[in-house]
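Asks: Mind looking at a prediction? Sequence and model below.
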Amino acid sequence: MIDIDPNGTGLPGIEQLRIIVGAVMTVGLILAVLALIVAAIVWGFGANSSNPHLASRGKAGVLIACGAAVICGAAVTLTNFFWNVGQAV
């Protein structure tokens, strides 16, 4: 029987790596909000100018930006969920 858990003190620099990952998640969320704003503007401009191609690109951008924000925000929870699923196998 092998029982291996993540070791938070095994290597030097683990705490700095956690800080860097947290900062990257923050930047990702900020960029997702910026992408959402830009895509909503494109969607509105396309809808008001009777340009269906631009409007559909804006809709797709809004959905992609929302998906990116959900993934960035839930990254830790998703990782923990799949870690627990893997441990149960």
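Replies: Perfect, I can see it now.
Asks: what sits against the spatially most central residue of the chain?
Replies: Ranked by distance to the mean C-alpha position of the chain (CA atoms, centre = their mean), the top residue is residue 72 at 2.3 Å. Neighbour list for residue 72: 25, 28, 29, 32 [criterion: CB atoms under 8 Å, 6 or more residues apart in numbering]. For the C-beta atoms, the positions are set from N, CA and C on the backbone; glycine is no exception.
Asks: What about those residues, which are in strands?
Replies: Among the contacts of residue 72, no member falls in strands (criterion: DSSP state E).
Asks: Tell me the buried residues within the residues you listed.
Replies: Those of the contacts of residue 72 that meet the buried threshold are 28, 32, by 16 or more other CB atoms under 10 Å.
Asks: Which ones among the contacts of residue 72 lie within helices?
Replies: 25, 28, 29, 32 (DSSP state H).
Asks: just these now: which is nearest residue 85?
Replies: Of all the ones in helices among the contacts of residue 72, residue 85 sits closest to residue 25, with 21.9 Å by CB to CB.
Asks: Name all residues that make contact with the closest one.
Replies: 72, 73, 75.
Asks: any chance you could map the helices in the protein?
Replies: Going by DSSP H, the chain shows helices at 14-48, 52-73, 75-88.
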